[in-house]
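Trainee: model the structure of this input:
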Amino acid sequence: MKAPANLADKLATFTDRFSPRTVATYNDNDIMVAKLEGPFHWHKHEDTDDFFLVLSGTLDIELRDRTVTLNPGEVFVVPKGVEHRPVAHGEVHILLIEPTGTPNSGDKATAAPRILV
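Mentor: Here you go, the predicted structure:
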């Protein structure tokens, strides 16, 4: 990185939902921001945990046996192989950290492309 990344400024550059934008890389991981609204689909990541940090809004992470509610400043990690579904109440801004190349949908065929902002 040549300069700090302001997350609010990065989030202001796009309107797409469930389409993470990479703001930095760290030890072969992408640090990303995303805007969410409504439900995503049920999925899992076989090879990696799924890290969520809510920046604004309220996000439910539905698991098959319970729902975890995240408010701004709260973090939750879904263990690898665990089926889950993010559900955003209104517009939610999140920060994600994933190994570079991890499909956000759990399936490379349906994943959002990685975009650097």
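Trainee: the protein: helices as residue ranges?
Mentor: Listed in chain order, the helices found in the chain under DSSP state H are 7-11.
Trainee: setting aside sequence neighbours, what's the nearest residue to the most centrally placed residue in it?
Mentor: The central residue of the chain, meaning the one whose C-alpha is nearest the mean C-alpha position (CA atoms, centre = their mean), is L96 at 4.3 Å. In space, and not counting its chain neighbours, L96 is closest to M32: 4.5 Å by CB to CB, 6 or more residues apart in numbering. Quick note: C-beta positions are derived from backbone N, CA and C, even for glycine.
Trainee: about what we covered before: beta partners for the residue nearest to the centre of the chain?
Mentor: L96 has the following beta-bridge partners by DSSP bridges: M32, F52.
Trainee: which ones are touching it?
Mentor: If a contact means CB atoms under 8 Å, 6 or more residues apart in numbering, then L96 has 20, 30-34, 50-53, 104 as its contacts.
Trainee: what is the burial count for the residue nearest to V92 when sequence neighbours are not counted?
Mentor: Residue nearest to V92 in three dimensions, not counting chain neighbours: G57, with 3.3 Å by CB to CB, 6+ apart. Using other CB atoms under 10 Å, G57 has 18 other residues around it.
Trainee: same question, the one 10 residues further on
Mentor: By the other CB under 10 Å criterion, the neighbourhood of T67 contains 11 residues.
Trainee: got the contact list for A5?
Mentor: With contacts defined as CB under 8 Å, 6+ apart, A5 is in contact with 23-24.
Trainee: now the one 3 residues further on
Mentor: Contacts were defined as CB under 8 Å, 6+ apart; by that measure A8 touches no other residue.
Trainee: where does it land on pLDDT?
Mentor: In the predicted model, A8 carries a pLDDT score of 96.
Trainee: for V117, same thing?
Mentor: Residue-level pLDDT assigned to V117 equals 75.
Trainee: what sits closest to it if chain neighbours are left out?
Mentor: R21 (4.3 Å).
Trainee: quick check: buried residues in stretch 26-33?
Mentor: Of the residues in stretch 26-33, 29-33 count as buried by neighbour count, 16 or more other CB atoms under 10 Å.
Trainee: what does stretch 9-29 give?
Mentor: When neighbours are counted by 16+ other CB under 10 Å, the buried residues of stretch 9-29 are found to be 10-11, 18-23, 29.
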